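>>> Below is the sequence, then the predicted model.
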Amino acid sequence: MDWQPDEQGLQQVLQLLKDSQSPNTATQRIVQDKLKQLNQFPDFNNYLIFVLTRLKSEDEPTRSLSGLILKNNVKAHYQSFPPPVADFIKQECLNNIGDASSLIRATIGILITTIASKGELQMWPELLPQLCNLLNSEDYNTCEGAFGALQKICEDSSELLDSDALNRPLNIMIPKFLQFFKHCSPKIRSHAIACVNQFIMDRAQALMDNIDTFIEHLFALAVDDDPEVRKNVCRALVMLLEVRIDRLIPHMHSIIQYMLQRTQDHDENVALEACEFWLTLAEQPICKEVLASHLVQLIPILVKGMKYSEIDIILLKGDVEEDEAVPDSEQDIKPRFHKSRTVTLPHEAERPDGSEDAEDDDDDDALSDWNLRKCSAAALDVLANVFREDLLPHLLPLLKDLLFHPEWVVKESGILVLGAIAEGCMQGMVPYLPELIPHLIQCLSDKKALVRSIACWTLSRYAHWVVSQPPDMHLKPLMTELLKRILDGNKRVQEAACSAFATLEEEACTELVPYLSYILDTLVFAFGKYQHKNLLILYDAIGTLADSVGHHLNQPEYIQKLMPPLIQKWNELKDEDKDLFPLLECLSSVATALQSGFLPYCEPVYQRCVTLVQKTLAQAMMYNQHPEQYEAPDKDFMIVALDLLSGLAEGLGGHVEQLVARSNIMTLLFQCMQDSMPEVRQSSFALLGDFTKACFIHVKPCIAEFMPILGTNLNPEFISVCNNATWAIGEICMQMGVEMQPYVQMVLNNLVEIINRPNTPKTLLENTGRLTSPSAIPAITIGRLGYVCPQEVAPMLQQFIRPWCTSLRNIRDNEEKDSAFRGICMMIGVNPGGVVQDFIFFCDAVASWVSPKDDLRDMFYKILHGFKDQVGEESWQQFSEQFPPLLKERLAAFYGV
C-alpha cells in the first residue's frame, strides 16, 4: 500500500509553504524554525514530495517550492533518509516527470539530479534506463520532462557517466540523443544538443566514436528557427574547435561563413555564443591561414558588436552623469585577493610594448556578466595579437568614422576599439598616435560619463608610447587631464581614471617626480570625496606611485600631504575589516619609498601588524584543535601584515631593530614559516630575509631553528616559496660568514638540484613586468654560500657551474651579483678543475659585467690569465675561436685576453 499523508499534517505543511512566500522577515524566521522542527520527522520529506507530485489542486509556485525545500534536505542529509522514504521519493519523481506543468517538470528534474549526485547514480540503477525509455513516449510532456532531467544529470555527472563505474551508459545514451536532433519540437532538439555538448570537452569515447554523425547533425540544424537550438549549435562548434579541429578543417570555410552570420544573430545569446568562436579560433595555430580572407567581413561585425546596447545603457545608468554622493552597495565591491611578496632581481630584458591588462578592464563592472560587447572586444584584442599590422587596413577606415561620430554611443565604441587593438597593433598604430592621443585626451572631458571612462582605459593602453615621447608633448597634458578625471563627479569615471593613472605611474616612474606635489594634492583630495569601492582603487594608485618614484617621495612637504589621511583611515578600520588589505599593501609601498621619512608613523603600524599575525595564528590554532566550534581564520590578514613588516624593514633598515626588540615577532615568524599555506610561508621567508638585512642581531639566535625549515622549503613545486627561502638563505650567509659552515650541507644539494632543473619556468614579475630567470636566485645563493664557505661548496663546482653562469649573465650589476661572483672566484681558487670543462660559460658570465668593482675585476683578470697561461698561447687561440665576436671583443678590451 502506498504511503498516505495525515490530513492535519498535510494542512500544516501547506500553511508553512504559504507562509514561506511572505515578504515579512519575522514570518520568514518563524518558517525557518518550523522547518528545523519538522525535519526531525523522517516522513516530513514524504509530505514534501506528495505536495510536489500529487496535489494538482495546489498552485504551481507552492508545489515547486515544496520540491525545492525537499531538494535542500536531500543535499543536506540524504544519507539519513530511511530507505522507504528514499524509495518513495525516487518512485514519485519517475512517475511524475511528465507533469503537465513545465515548472513542476523542471523542479522534479532538479530533484532527480540532486539525488543522483549524492552518489546515487550507482544506487539507482533503473534511473538512466527509465529516463531514456521515457524519451520514446508519445506524450510531449513526458519526453520533455525526461530530457530536462537527463540534461541536468549530464551537466552534474558527466565524468561518472563516461566511466566504468556505471558500465559506460554513454554508449547507449549518445546515439539515443543524436536521434532526437531531428525531433519536431525545438525544446527537445535543444535538450538533445545540450546533453551531447556536455561530453565534448572531456572527449568522451562514446562521442568520439560518433563524431562524424554528430557534426553532420549539427550542420543540418545550422539554420534552425529556434534561437535556443542555434545557441547550442554554436556552443558545440566552439568546443569542437578546441578538441576536434581535425574534423572541422575540411568544412572550415563554411563554418566561418556560418559564424559570421550567427555573430550578427538578432538574439543576443546566440550572437554571444557565436562570438566566442573567434576567441577560440585565435588560439589555434591555423587561425591566420583560415581567417585572413574573411577579416574584411569579420572586423566590421566585431566592431559593431562593441557598441553598448540600449539595455546595457539602462543597466549602467548611462544617463546618470553625477553619482559621487551615492554610497556603494556592498555587493558592488568585488573581493580582493592579496598577492604575497615575491623576491625578485633586476633584469636586462626590457618590458614589451603594451601591458598585461586583461581586456576585461574595459570597465563595465555593473555588467561584469560576459556580454557581446566584452566578447567582441576580447576577440578583437586576440586577433590583433595574431594578425598584428595586417588588421589595420580593415580597421582604420572604420575607426575614422567612429572616433569623430556625433552620436556618443558610436564614438564610445570607437574608443574601445582603439584600446582593444593597442597591444597587438602598437607598431602599426605609432604613425597615427601623435594625432590620436590629443583627440583621446580631449575625450576625457566629454559630456558623457561613459565616453570619459572608456577614454581613460584606452589611454592607459597607450601609456608606454606616451611616456616614450618628450614629456611636454603628451605625458603632461595626459597626466593633467587624468588627475581632473580622478576628481570626476561620476564614480565609474573616478574608477577608470584611478586605474589608468596607476598604469601611467608604472610606465612613467621617475618622470613623474616634477609633478609630485600636484599629483599628491589630487589623490589626497580624492580621499575625502570617494565612496567605499573607489577608495580601494585609490589605495592602489597611491601604492603604485610610491613604487614608481621611490625615495623621491621622502620630502617633508609630500609626507605632510600624504600620511595624515592614510593614518586616519588606518585608525578608523577595525582589525577584522578586509579593507585593511589594500591599505596595508599601500602602506607597505609607502614605507619602502619613504625610508626614514616613515619613522614617525612606524610604531603603531608595526604593533598592529604583529597583532594581526598573532590573532590569526591564535585563531588557526583554535580552529585546528576544535574545527566544529571555531571558524577557520582568513589568513590573508596575516600575509598582508607580514608583507607590510617587510616593507617597514626594507624602508627603515636598522631603525626597525628597536621595534623588533620590543616584540615577539621572531617567535611568530617561526610559526608562520611552518604554516600549511604556501602563501604564508612565502611572505614569512621574504620577511626573514628583510630582517636579516636590517637587524641580524635578532635573527642570529634563531638560526639553528630556522635553517632546517628553510632547507625543507627548497621545493620548486612551490616556486615562489622556494625562491623566497633561497633568497633568505643567501642573505643569512652574508651575515653569518664562516659560521654558516654547519648549515651548508642542509641546503646545498637542494640548491644544486634546483639550478639544474630543465627549463625552470620563467616567472613574470608582478612589479616590473620583466622576466627574471628563477634560477638566478639559487645561483646567487650558491655563490654566496661559496663566498663564506668556499672549502665546503667548491667540490661540487662542476655540478653547477654551467647553469650558474647562464642564469646570472642576464642580471644587471648589483650587490647580490657582486657577492655571488666573488664566491665563484673563491671556489675556482679552491677547485680550478671544476670549471675547466665549462670555462667558456664562465668567460661569458664575466663579460656580462658592465662595471665590476676594481678588486672583483682583478679576481676575474687573474682567473682568465691563469687559465690562458696554463693552457698556453696556441690552445688559448683555438679555445677563443669558439667565442662569439662580441664576447671576444669585450674580453680583449676589459681583460686583455
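Nice, I can see it.
>>> Distance from the chain centre to the helix or strand that contains residue 92, please.
Element membership for residue 92, per DSSP states H and E: helix 83-95. Centroid separation between helix 83-95 and its chain, computed with CA atoms, centre = their mean, to the nearest Å, is 44 Å.
>>> I'd like to know which elements that helix is packed against.
helix 44-53, helix 102-115, helix 127-134 (3 or more CB pairs under 8 Å, 6 or more residues apart in numbering; DSSP states H and E). Using the backbone N, CA and C atoms, a C-beta is placed for each residue, glycine as well.
>>> Just the CA coordinates for it, please, in CSV.
This file holds the C-alpha atoms of helix 83-95, laid out as CSV (Å, rounded to 0.1, in the frame of the first residue of the first chain):
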residue,chain,number,x,y,z
PRO,A,83,15.1,3.6,2.9
PRO,A,84,11.2,3.6,2.5
VAL,A,85,11.3,7.4,2.3
ALA,A,86,14.1,7.5,-0.2
ASP,A,87,12.3,4.9,-2.4
PHE,A,88,9.0,6.7,-2.2
ILE,A,89,10.7,9.9,-3.4
LYS,A,90,12.5,8.2,-6.2
GLN,A,91,9.4,6.4,-7.4
GLU,A,92,7.3,9.6,-7.3
CYS,A,93,9.9,11.5,-9.3
LEU,A,94,10.0,8.9,-12.1
ASN,A,95,6.2,8.6,-12.2
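>>> Name the residues of that helix that come out as buried.
Residues of helix 83-95 classed as buried by neighbour count (16 or more other CB atoms under 10 Å): 85-86, 88-90, 92-94.
>>> what comes into contact with that helix?
2-3, 42-43, 45-46, 49-50, 52-54, 70, 74, 78, 81, 108, 111-112, 115, 124, 126-127, 130-131 (CB atoms under 8 Å, 6 or more residues apart in numbering).
>>> next one: the helix or strand in which residue 593 is found to chain centre, how far?
When elements are assigned from DSSP H and E, residue 593 belongs to helix 580-594. Relative to its chain's centre, helix 580-594 lies at 22 Å (CA atoms, centre = their mean).
>>> What's the mean pLDDT across it?
Mean pLDDT, helix 580-594: 93.
>>> Quick one: mean pLDDT for stretch 823-834?
95.
>>> How about stretch 637-657?
For stretch 637-657, the per-residue pLDDT averages 94.
>>> Give me the packing partners of the helix holding residue 593, helices and strands only.
helix 532-549, helix 556-572, helix 599-625, helix 636-652.
>>> quick one: the longest one to helix 636-652, angle?
What that stands for is helix 599-625. Helix 599-625 and helix 636-652 are oriented at 150 degrees to each other (axes from the mean of the first three to the mean of the last three CA atoms, to 10 degrees).
>>> what's the answer for the first one, then?
Between the direction of helix 532-549 and that of helix 636-652, the angle (the same axes, to 10 degrees) works out to 30 degrees.
>>> Tell me the gap between helix 532-549 and the middle of its chain.
With CA atoms, centre = their mean, you get 19 Å for helix 532-549.
>>> hmm, back to that, looking at the helices and strands packed on helix 83-95, which is nearest to residue 782?
helix 102-115 (56.4 Å; CB to CB).
>>> How far off centre is the closest one?
On CA atoms, centre = their mean, the centre of helix 102-115 falls 35 Å from the chain's centre.
>>> same thing with stretch 713-730?
Worked out by CA atoms, centre = their mean, stretch 713-730 lies 22 Å from the chain centre.
>>> May I see the buried residues of it?
713-714, 716, 719-730.
>>> go on, stretch 629-638?
So for stretch 629-638, counting by 16+ other CB under 10 Å, buried means 633, 635-638.
>>> taking the residues you listed as a set, which two sit the farthest apart in space?
Maximum distance among those (CB to CB): 9.3 Å, for 633 and 636.
>>> quick one: least confident helix or strand in this structure?
strand 763-764 (a mean of 34; mean pLDDT, DSSP states H and E).
>>> Now find how far off-centre stretch 270-285 is within its chain.
With CA atoms, centre = their mean as the basis, the mean position of stretch 270-285 lies at 21 Å from the chain mean.
>>> again, but for stretch 70-83
With CA atoms, centre = their mean, you get 37 Å for stretch 70-83.
>>> show me where the stretch 151-300 of the chain has helices.
158-161, 170-179, 186-197, 205-209, 211-220, 227-243, 245-248, 252-262, 268-282, 287-291, 295-305 (DSSP state H, counting those that start in this stretch).
>>> got the buried residues for the second one?
Yep, that's helix 170-179 we're talking about. In helix 170-179, the ones that count as buried by 16+ other CB under 10 Å are 170, 173-174, 176-178.
>>> Sort out which residues of stretch 193-213 are buried, please.
193-200, 204, 206-207, 210-211.
>>> what about the strands in this structure?
763-764, 771-772 (DSSP state E).
>>> In this protein, where is pLDDT below threshold?
1, 120, 331-339, 341, 343-368, 759-775 (pLDDT under 70).
>>> make it 50
347-367, 760-772 (pLDDT under 50).
>>> residue ranges of the helices in the stretch 651-800 of the chain, please?
Going by DSSP H, counting those that start in this stretch, the stretch 651-800 of the chain shows helices at 657-661, 665-672, 678-694, 696-699, 703-712, 719-736, 744-755, 776-788, 790-793, 797-808.
>>> Show me what the first one is in contact with.
Pointing back at helix 657-661 there. 602-603, 606, 648, 666, 691, 694-695, 697-698.
>>> Any chance you could give me it in PDB, C-alpha atoms only?
The C-alpha trace of helix 657-661 is given here as PDB (Å, rounded to 0.1, in the frame of the first residue of the first chain):
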ATOM      1  CA  GLU A 657      65.800  47.000  15.300                       C
ATOM      2  CA  GLN A 658      64.200  48.500  18.400                       C
ATOM      3  CA  LEU A 659      60.700  47.700  17.200                       C
ATOM      4  CA  VAL A 660      61.800  44.000  16.800                       C
ATOM      5  CA  ALA A 661      63.500  44.000  20.200                       C
END
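>>> how near is residue 653 to residue 731?
For residue 653, the distance to residue 731 (CB to CB, to the nearest Å) stands at 13 Å.
>>> Can you pull the residues that touch both of the two?
Contacts common to residue 653 and residue 731, judged by CB under 8 Å, 6+ apart, are residue 693.
>>> Give me the more crowded residue out of the two.
residue 731 (23 against 15; other CB atoms under 10 Å).
>>> you'd agree residue 183 is up against residue 189?
Yes: between residue 183 and residue 189 there is a contact at 5.3 Å, judged by CB atoms under 8 Å.
>>> Who has more neighbours out of these two?
The neighbour count for residue 183 versus residue 189, taken as other CB under 10 Å, is higher for residue 189 (23 against 16).
>>> ok, now which ones touch the more buried one?
Counted by CB under 8 Å, 6+ apart, residue 189 has contacts 180-183, 221, 224, 226, 229.
>>> The closest residue to residue 793 other than its chain neighbours: neighbouring residues, count only.
Setting aside the residues directly before and after it, residue 793 is nearest to residue 786 in space (CB to CB, 6 or more residues apart in numbering), at 4.1 Å. By the measure other CB under 10 Å, the count of residues near residue 786 is 31.
>>> pretty sure residue 786 is in contact with residue 800, am I right?
No: Residue 786 is beyond contact range of residue 800, at 9.7 Å (criterion: CB under 8 Å).
>>> burial of residue 735, as a residue count?
Count around residue 735 with other CB under 10 Å applied: 16.
>>> unless I'm mixing things up, it is touching residue 696, no?
Yes: if you go by CB under 8 Å, residue 735 and residue 696 touch, sitting 4.3 Å apart.
>>> quick one on the thing from earlier: specify which member of the contacts of helix 657-661 is nearest to residue 256.
residue 648 (57.7 Å).
>>> Please name the residues that touch the residue nearest to the closest one when sequence neighbours are not counted.
In space, and not counting its chain neighbours, residue 648 is closest to residue 591: 5.0 Å by CB to CB, 6+ apart. Neighbour list for residue 591: 598, 602, 605, 644, 647-648, 650-652 [criterion: CB under 8 Å, 6+ apart].
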